[in-house]
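Peer 1: With the input below, show me the fold.
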Amino acid sequence: MPSPGDRAHLAAQRADLLRFAQGARHELGFGWLDESGQLVAERPVELWITCRMTHVMSLGVLAEEPPAPGGPDQAVLTDLAAHGVRALTSTFADEEHGGWFAAVGPRGPVEDAKQAYAHAFVCLAASSAAAAGISGSDALLREALDVHERHFWDDEVGLAVEEWDRAWTVLDDYRGVNANMHTVEAYLAVGDVLGDAVWHHRAGRIAANIVGWARANDWRIPEHFDSSWTPMLDYNRDRPADPFRPFGATVGHGLEWARLLVAVDASLGQAAPDGLLEAAVALTERAVADGWAADGVDGFVYTTDWQGRPVVRERMHWVLAEAVNTAETLRRVTGDNAYADHADRWWTYIDRYFVDREHGSWRHELGPDNFPSAEVWAGKPDVYHAYQTALLPELPIVPSFAAALADGSRPARTTTAAPGTQHRSEKGFPA
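Peer 2: Alright, predicted model coming up:
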């Protein structure tokens, strides 16, 4: 039987996640799914979810894998990816001012702010769809990059600003690291798909800024800044469980940044900022020391204060996903098999607590007792983290997911090994 993290398990996870995710299709894009995979009708359709789903469906097209029972085949995946592109070029697009609305409903925009976080995902979705040959994606990608360059990229400081009003006339004073993290992800993907290194170099500039702030703060990344890029370490102290801007250090972001720093270093080679690999290791060590079983129970806490003490003790699925991704990435670049041991341990934990065998997908949140919770996240709106985690061990570190698949990398076809016959080479940890 498959073991957590082996190739058969990863393939089964990918197939079932796509089966679950197809239920997010909504006439306006991709909607919010509840615990059982049903659309939550009263919620607006959000840009970041539509983009992430379009990205994942495009990866599914490129991976060319057999579907799970009841899951989408190649033709359905292609149609789902095309549906996402159409939504981004119509429903969400602001024809008057340009850019994309943050959320829409049957009567039009529900939230009309122009957010760097969501616009980064427009770039990512468009680049993945373009790699998969989805109709309309090339024009969408050109428009997304033009908007991002004109409105979000601040070339003077080498970072992305956070949020504009609908007409691009008022820029919010808040600056955030989360949006910049996903901008790095998007810029790396865009550079890979287009073969244009300017996007890699911009990702490198952002990465260098983050490393500097993290190093000065004992490798706990400041998340929130004012308009002059001065850290606001007390931001949201009164709302510590905010899903996008929580107080303190976000453990999962330390892990996610570590993986992205390795990708930036590999993409830029000799042109990369100094010290990215060392920073990736330091960020990972800090996140594991502060976050894993910090309260005596297995699992990563969501956030800590600036001394490493747990603040929000709920366990988020995406943190475990990024922990596994980073462990596999650092195993490859450092040769240290302790990271493989971490990945084994965390996959076992994911399989035991997060994978929902009754309804599908991964539970998005667990309480400090590892039972399902919804203090921060209700439902299961996101398969992006989980799908990438089940795909990453089968691909090279660079280029990014869509470009690697388009270049010919493919998940290995698997057969179920007899009990007791698995070896490390079959565990989804290729060199």
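Peer 1: How about the backbone phi and psi for residue 234?
Peer 2: Backbone torsions of residue 234, given as degrees, to the nearest 10, read phi -100, psi 10.
Peer 1: got a list of what it touches?
Peer 2: For residue 234, the contacting residues are residue 247, by C-beta atoms under 8 Å, 6 or more residues apart in numbering. (Glycine included, C-beta is placed from N, CA and C.)
Peer 1: In the stretch 1-150 of the chain, mark out all the helices, start to finish.
Peer 2: 7-21, 47-63, 74-89, 116-131, 137-147 (DSSP state H, counting those that start in this stretch).
Peer 1: any idea which helix or strand carries the spatially most central residue of the chain?
Peer 2: Central residue of the chain (C-alpha atoms, centre = their mean): residue 385, 5.0 Å from the mean position. In this assignment (DSSP states H and E), residue 385 forms part of helix 384-391.
Peer 1: Provide the contact partners of that helix at residue level.
Peer 2: 10-11, 13-14, 17-18, 21, 52-53, 55-56, 59-60, 63, 317-318, 321-322, 324-325, 361-362, 401, 411.
Peer 1: Which residue is the nearest non-sequential neighbour of residue 253?
Peer 2: Among residues not flanking residue 253 along the chain, residue 221 sits closest, at 5.9 Å (C-beta to C-beta, 6 or more residues apart in numbering).
Peer 1: cool, residue 243 as well?
Peer 2: residue 376 (5.2 Å).
Peer 1: Model confidence for the one you found, exactly?
Peer 2: Predicted confidence (pLDDT) for residue 376: 92.
Peer 1: That one touches residue 365, doesn't it?
Peer 2: Yes: with contact defined as C-beta atoms under 8 Å, residue 376 reaches residue 365; the gap is 5.8 Å.
Peer 1: Pull up the overlap in contacts between those two.
Peer 2: 314, 316.
Peer 1: okay, these two: which has more neighbours?
Peer 2: Using other C-beta atoms under 10 Å as the criterion, residue 376 and residue 365 rank with residue 365 on top: 22 against 18.
Peer 1: ok now do the more buried one, which residues does it touch?
Peer 2: Residue 365 touches 314-317, 372-377, counting by C-beta under 8 Å, 6+ apart.
Peer 1: Below-threshold pLDDT in this protein: ranges please.
Peer 2: 414-431 (pLDDT under 70).
Peer 1: so residue 342 touches residue 323, yeah?
Peer 2: Yes: judged on C-beta under 8 Å, residue 342 makes contact with residue 323 at a distance of 7.4 Å.
Peer 1: Neighbour count: the two, which is higher?
Peer 2: Using other C-beta under 10 Å, the more surrounded residue of residue 342 and residue 323 is residue 323, with 31 against 21.
Peer 1: Just want the angle from the helix or strand that contains the more buried one to helix 384-391.
Peer 2: For residue 323, the host element (DSSP H and E) is helix 317-334. Angle, helix 317-334 to helix 384-391, by axes from the mean of the first three to the mean of the last three C-alpha atoms, to 10 degrees: 30 degrees.
Peer 1: For helix 317-334, list every residue counted as buried.
Peer 2: Neighbour-count burial for helix 317-334 flags 317-332 (criterion: 16 or more other C-beta atoms under 10 Å).
Peer 1: Closest one of those to residue 394?
Peer 2: residue 328 (10.2 Å; C-beta to C-beta).
Peer 1: you'd agree the closest one is up against residue 336?
Peer 2: No: counting by C-beta under 8 Å, residue 328 stays clear of residue 336, with 11.8 Å between them.
Peer 1: Just the CA coordinates for the helix holding residue 385, please, in PDB.
Peer 2: Coordinates of each C-alpha in helix 384-391 appear next as PDB, following Å, rounded to 0.1, in the frame of the first residue of the first chain:
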ATOM      1  CA  TYR A 384      -3.200  25.300  -4.600                       C
ATOM      2  CA  HIS A 385      -0.900  24.600  -1.700                       C
ATOM      3  CA  ALA A 386      -1.800  21.000  -1.400                       C
ATOM      4  CA  TYR A 387      -1.600  20.200  -5.100                       C
ATOM      5  CA  GLN A 388       1.800  21.900  -5.500                       C
ATOM      6  CA  THR A 389       3.100  20.000  -2.500                       C
ATOM      7  CA  ALA A 390       2.000  16.700  -4.100                       C
ATOM      8  CA  LEU A 391       3.700  17.800  -7.300                       C
END
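Peer 1: helix or strand right after that helix?
Peer 2: With elements assigned by DSSP H and E, the helix or strand that comes after helix 384-391 is helix 401-406.
Peer 1: Can you name every helix or strand that that following helix contacts?
Peer 2: Judged by 3 or more C-beta pairs under 8 Å, 6 or more residues apart in numbering; DSSP states H and E, the packing partners of helix 401-406 are helix 47-63, helix 116-131, helix 177-194.
Peer 1: of all those, which lies closest to residue 266?
Peer 2: In this view, those are compared for proximity to residue 266 by C-beta to C-beta, and helix 177-194 is the closest at 9.6 Å.
Peer 1: okay, the angle between that closest one and helix 47-63?
Peer 2: Using the same axes, to 10 degrees, helix 177-194 lies at 30 degrees relative to helix 47-63.
Peer 1: Heading C-terminal from helix 177-194, find the next helix or strand.
Peer 2: Where DSSP H and E defines the elements, the next helix or strand beyond helix 177-194 is helix 197-215.
Peer 1: For the nearest residue to residue 66 once chain neighbours are set aside, list the residues it contacts.
Peer 2: Closest residue to residue 66 apart from its sequence neighbours, by C-beta to C-beta, 6+ apart: residue 15 at 7.2 Å. Residues in contact with residue 15 (C-beta under 8 Å, 6+ apart) are 65-68, 71.
Peer 1: Thank you kindly, that will do.
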